[in-house]
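Peer 1: Next comes the sequence, and after it the predicted model I'd like to discuss.
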Amino acid sequence: MKIKPLSDHILIEPLDQEEKTKGGILLPKSAEKERPQKGKVIAVGSGKRTSSGKVIPLQVKKGDIVLFTKYGPNEMKINDKEYLIAKEEDILAILE
């Protein structure tokens, strides 16, 4: 199934969090984890449309690794895989 986000929406595949604490303790898979805030951009929409009809292209592109707000994106499951749909305003930074 191919997904094409609309307007300024972005499809993100969340990246797994560290499974080790800063002190070196390994966390089991069953441990409660926070929602990820880093992910890989899978697809982007065409851009945000202004009131005059002009389309402003998005600053992120497919393949970018991004940081996003913790509770901004919406969760969805496609073919038993977790994804997030976010607006461009929910993206905080692109990691280089």
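Peer 2: It's in. Numbers count the residues shown, from 1 in each chain.
Peer 1: Now do the same for residue 89: helix, strand or coil?
Peer 2: Using DSSP: H, G, I helix; E, B strand; the rest coil, the structure places residue 89 in helix.
Peer 1: That one - how many residues pack around it?
Peer 2: 11 (other C-beta atoms under 10 Å). All C-beta atoms are positioned from the backbone trio N, CA, C, and that covers glycine.
Peer 1: from now on call the first residue 12
Peer 2: Right, with 12 as the first residue, what we last looked at is residue 100.
Peer 1: wait, what's in contact with it?
Peer 2: 19, 83 (C-beta atoms under 8 Å, 6 or more residues apart in numbering).
Peer 1: And it, how close does it get to residue 88?
Peer 2: 24 Å (C-beta to C-beta, to the nearest Å).
Peer 1: Between the two ends of stretch 98-107, what distance do you get?
Peer 2: End-to-end distance for stretch 98-107: 20 Å, by C-alpha to C-alpha, to the nearest Å.
Peer 1: How far off centre is it?
Peer 2: 8 Å (C-alpha atoms, centre = their mean, to the nearest Å).
Peer 1: So which bits of it are buried?
Peer 2: When burial is assessed from 16 or more other C-beta atoms under 10 Å, stretch 98-107 yields the following buried residues: 98, 99, 101, 102.
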